[in-house]
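Trainee: sequence first, predicted model second:
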Amino acid sequence: MADKLVLVDGNSVAYRAFFALPLLNNEKGVYTNAVYGFTTMLLKILEEEEPAHMLIAFDAGKTTFRHETYKEYKGTRQKTPPELAEQLPLMRDLVKAFNIAYEEVENYEADDIIGTLAKRAEKEGWETKIFTGDKDLLQLVDEKIHVALLRKGITNVDTYDLKQLQEKYGLKPSQIIDMKGLMGDSSDNIPGVPGIGEKTALKLLAAHDTLEGVYENIESVSGKKMKEKLVENEQQAVMSKKLATILTEVPLKMTLEDLSLGERNTPALLELFRDLEFSSLIDRIDPDGGAAGEEQLEDVEVQVIDDLDPSMLATPSALVIESLEENYHNATIVGGALANETGVYFLSPEVLAKSSTFKEWAKDESQEKIVFNAKRAVVGLAWQDIPLEGVIFDGQMASYLIDPGAASHEMADIAKRKKGMQVQRDETVYGKGKKMHVPEEAVLAQHVGRKAAAVLELKPDLEKELQENEQLELLTELEMPLSIILGRMERHGVAIDKEELEKIGEGLTERLQEIETKIHDMAGTVFNINSPKQLGEILFEKMDLPPLKKTKTGYSTSADVLEKLQDQHEIIPEILLYRQLSKLNSTYIEGLIKAIHNKTGKIHTMFNQALTQTGRLSSTEPNLQNIPIRLEEGRRIRHAFVPSKDNSYILAADYSQIELRVLAHISGDENLIEAFRHGMDIHTKTAMDVFEVEEAKVTSAMRRTAKAVNFGIVYGISDYGLSQSLGITRKQAQSFIDKYLESYPGVSEYMDSSIEEAREKGYVTTMMNRRRYLPEITSRNFNLRSFAERTAMNTPIQGSAADIIKKAMVDMDKAMDKEKTKAVMLLQVHDELIFEVPENEVESFSEVVKKVMESAIEIDVPLIADVDYGKTWYDAK
DNA sequence: GCCCTCACGC
DNA sequence: GACGTACGTGAGGGCA
């Protein structure tokens, strides 16, 4: 087997990576996108090619020997963007750590180095593969030299040998430079012959083989104009060819043997990756986060104990309660770990269940606990009737607050930030899906113990960062108390009238069957209405309806498309109805029935408190934040949400227009502030301003449009988004937005300053100092940049609203304690709180909740909460 | 198992 | 001028 050589055009790959990927930067503000792309490319090459020899060539200085021939060579090139330039040295460090040969030579380009080495290798009978984004390199293709051209994106390549080059371009490798001689290359500022483009050049070369051949046979060239141009520019053509020719005799000191690929320096790579925050790549070179590397963490000494001795307790202690299921309600606890100044201990499930020492310690508020995902630990133990008090720090919450956009808030990834610390990811230890299992106790103890040791050790670092960001209060006064409250809500659960659900379900199933038959009859064939693919084929092929929109995979059959076809065929309204009812049945009837807990008969959702980019909560298994309300048919589902005790009510309290009130406050816009102070209907007010009419002249259509505009402001949608929701053109949508901003100049100024702030600082903040980083705000990609700009305007609004209701929840919890009420907080739905309240308290409680919510924070406009109650959630409207 | 489309809420 | 365009969760289909 002959030796295999891989040559990489370093500059070309770096450029590609830079422009293909969004502008990432690490914590220190260093841009990393090009390095990241470059590294993934290297890893891919190393894995797939397994070369014995390898070299990465870079351009050295600005000028090369080609500039002696032609001063203007590459004269039109834009300067390397500084964001890329600063990344080039990092790539050099990386190449070194990979132990790959590296070369740049004054006066020559990377191409020439590659050409020289490829030819030398060919003489020795080696196979060479060249990786580049530059088509010029194709001139080097030969029997034993192949060129891998980067396609769009970064890790996909097209590999060319002689045959493929012929097929794709109809050219021999040597003719690439003849092409350049004729047609030039605007990116390198090579002139070529004016007026000759790709088509003509190909035709000429097909007839005469080379540039020289063309001139030797110039008389036989057809077309007077073309001949003139060729003759006039002969010198320029010859020079262009020369410029495009890759030199294959660069005086290189190195020998081919010097290119042999050494062993990679894994510790050095790991350190670089950690600095650059390439956590996914750390896994790729070393799935255990460096456990096998030289800088292995001193083995965490984890004692597996039979009984917890008081001498093992100290405050603070880190506590990990481990369960494998994602859903922690009534989950099987496979063990726990304690880490403190006295050591690291693993507690088996039996010890946790039996040890009175542990239970006493757990509920002792003065014994401070440091945890990672407090709610998970608290709820997990609560199901075992073990109260957990005194939780003072949550490492996962800290990570989320520091950067909600971080790729992961897993222990394994956060631990990587600190040198010398390794925690395996749960998936590595436990497996996933069907293969998930509890490992032998020694392995389990080591893993869980490591986590406890890690969170204990990470706390000062995380705290310091929070301190620097002025976010400590956000953690300790808002999110941590809220964790406990949410945990209680989840554990308490929401009572469900299962019979009611089943009754609604029966009605739905019956109607669905009728509609299904009707649709099949109308279509003249039986098909699966739930399959967009089949439905598309029936509607747009068999029935010849006009396909208004396409998706990646075929015809779009979404509701907005079907609504436009409403009148074209009577089958359409039936399909829309079928969709609506089938959604209700599968997600809300069947889904909710499945979610009823076999032990409590209630539904226990999980609120994810460390997920959204804005600071809102999310809700899963089941999601209780998207129970239908807008259409009566779906709203009936709410009949099944009932109080868990007799003689109690469901009480719902929702903030009125909280986001727009926040906007009024943050922007200080006088018009908007006045509107809220006068208690105006805000959509009517917006309609008056946008349409320039007085209140009495606002039609319902105007109000609807104004409502959509307000919706757009609150959610940061684009002109396109607004045009979609109103069924108007983008231009019209933009003019509504413009008119809005004209009417509310304070809002307009706020929008600009918010974008400006994001550009300056790299992030935006909410009223309670929540952060969101927006690195793409400086992207050259219009889309990414626009998105970041809308996010910069919207996140402080939506995020501050999230802050406020979270604060209201914490305040409400205190108020409920003080009032000694028997009422229970059940759910939060972004701007709304749901409680169950004993009948005799319902009036007084209504007043308390209204007061607490409205005074959660003092802002420049009144906060209004509307309270309602009834026998079911449906009736609390 | 994973991705896509669709649909529900705020 | 092109990019694909609030945030979430979940169900079902279709492909590997």
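Mentor: Done, it's in. Numbers count the residues shown, from 1 in each chain, chains lettered A, B, ... in the order given.
Trainee: next secondary structure after the worst-scoring helix or strand of chain A on mean pLDDT?
Mentor: The helix or strand of chain A with the lowest confidence, counting by mean pLDDT, DSSP states H and E, is helix A:279-285 at a mean of 70. Proceeding N to C from helix A:279-285, the next assigned helix or strand is strand A:302-305, under DSSP states H and E.
Trainee: show the low-confidence segments of chain A, by residue range.
Mentor: Within chain A, the stretches falling below the threshold (pLDDT under 70) are A:1-2, A:22, A:27-28, A:78, A:151-156, A:279-280, A:283, A:286-298.
Trainee: now check the longest helix along it, is it near DNA strand B?
Mentor: If each helix of chain A is counted by residues according to DSSP state H, the longest one is helix A:782-819. No. No part of helix A:782-819 sits close enough to DNA strand B to count as contact by CB under 7 Å from any atom of the strand; the gap is at least 8.2 Å. Backbone N, C-alpha and C define where each C-beta goes, glycine included.
Trainee: ok now that helix, how far from the chain's centre?
Mentor: For helix A:782-819, the separation from the chain centroid amounts to 19 Å (computed by CA atoms, centre = their mean, to the nearest Å).
Trainee: please point out which parts of it sit buried.
Mentor: A:784-813, A:815-816 (16 or more other CB atoms under 10 Å).
Trainee: filter those residues by proximity to DNA strand C?
Mentor: Within those, those near DNA strand C by CB under 7 Å from any atom of the strand are A:786-787, A:790-791, A:794.
Trainee: and which of these is nearest to DNA strand B?
Mentor: Closest to DNA strand B out of these is residue A:794 (11.6 Å), distances taken as CB to the nearest atom of the strand.
Trainee: quick check, that closest one in contact with residue A:714.
Mentor: Yes. The criterion here is CB atoms under 8 Å, and residue A:794 meets it with residue A:714 at 7.4 Å.
Trainee: what is the burial count for residue A:558?
Mentor: Residue crowding around residue A:558 was assessed by other CB atoms under 10 Å; the count is 13.
Trainee: and residue A:432, how close does it get to DNA strand C?
Mentor: Taking CB to the nearest atom of the strand, to the nearest Å as the measure, residue A:432 and DNA strand C are separated by 15 Å.
Trainee: typo on my end, residue A:874
Mentor: Shown here: residue A:874 relative to DNA strand C, a distance of 19 Å by CB to the nearest atom of the strand.
Trainee: who are the contact partners of that residue?
Mentor: A:635-636, A:638-639, A:641 (CB atoms under 8 Å, 6 or more residues apart in numbering).
Trainee: try it again with 6 Å
Mentor: Residues near residue A:874 by CB atoms under 6 Å, 6 or more residues apart in numbering: A:638-639.
Trainee: now for the ones next to DNA strand C among the buried residues of helix A:782-819: which two are most distant?
Mentor: Of all pairs drawn from these, the one with the largest separation by CB to CB is A:786 and A:794; the distance is 12.3 Å.
Trainee: helix or strand for the nearest residue to residue A:421 once chain neighbours are set aside, which one?
Mentor: Counting by CB to CB, 6 or more residues apart in numbering, the nearest residue to residue A:421 once its immediate chain neighbours are dropped is residue A:415, at 4.7 Å. Element membership for residue A:415 (DSSP H and E) is helix A:411-416.
Trainee: equivalent analysis for residue A:438, please.
Mentor: Taking DSSP H and E as the criterion, residue A:438 maps to no regular element, lying outside all helices and strands.
Trainee: tell me which parts of the stretch 701-850 of chain A are close to DNA strand C?
Mentor: Taking CB under 7 Å from any atom of the strand as the contact definition, the stretch 701-850 of chain A meets DNA strand C at A:715-718, A:720-721, A:781-783, A:786-787, A:790-791, A:794.
Trainee: residue A:54 and residue A:660: what is the separation?
Mentor: To residue A:660, residue A:54 is 59 Å away according to CB to CB, to the nearest Å.
Trainee: can you list the buried residues in stretch A:572-579?
Mentor: A:572, A:574-575, A:577-579.
Trainee: do the same with stretch A:630-647
Mentor: With the criterion 16+ other CB under 10 Å, stretch A:630-647 contains buried residues A:634, A:636-644.
Trainee: distance from the helix or strand harbouring residue A:459 to the middle of the chain?
Mentor: Using DSSP H and E, residue A:459 maps to helix A:441-468. The chain centre lies 25 Å from the centre of helix A:441-468; the measure is CA atoms, centre = their mean.
Trainee: just the buried residues of it, please?
Mentor: A:444-459, A:462-463, A:465-466.
Trainee: likewise for stretch A:128-141?
Mentor: Residues of stretch A:128-141 classed as buried under the neighbour-count rule (16+ other CB under 10 Å) are A:128-134, A:136-141.
Trainee: these in strands, which ones?
Mentor: Secondary structure defined by DSSP state E assigns A:128-132 of these to strands.
Trainee: what residue spans form the domains of chain A?
Mentor: Per automatic domain parsing, the domain ranges recorded for chain A read A:4-172+A:247-259, A:302-494, A:507-595, A:659-800.
Trainee: chain center to the longest one, what's the gap?
Mentor: Offset of domain A:302-494 from its chain centre (CA atoms, centre = their mean): 26 Å.
Trainee: what sits against the residue nearest to residue A:849 when sequence neighbours are not counted?
Mentor: Computed as CB to CB, 6+ apart, the closest residue to residue A:849 that is not its neighbour in sequence is residue A:653, at 4.8 Å. Taking CB under 6 Å, 6+ apart, we find residue A:653 in contact with A:833, A:849, A:853, A:865, A:867.
Trainee: that's a helix at residue A:653, yeah?
Mentor: No. Counting by DSSP: H, G, I helix; E, B strand; the rest coil, residue A:653 is not found in a helix; it is strand.
Trainee: ok so, going back, now, the most widely separated pair of the residues of the stretch 701-850 of chain A next to DNA strand C?
Mentor: Of all pairs drawn from these, the greatest distance, 21.9 Å, lies between A:715 and A:781 (CB to CB).
Trainee: name the helix or strand for residue A:827, please.
Mentor: Take DSSP H and E as the rule and residue A:827 turns out to sit in strand A:824-828.
Trainee: starting at the chain centroid, how far to the very next helix or strand once past that strand?
Mentor: The C-terminal neighbour of strand A:824-828 among helices and strands, as given by DSSP H and E, is strand A:832-838. Centroid displacement of strand A:832-838 relative to its chain, using CA atoms, centre = their mean, is 34 Å.
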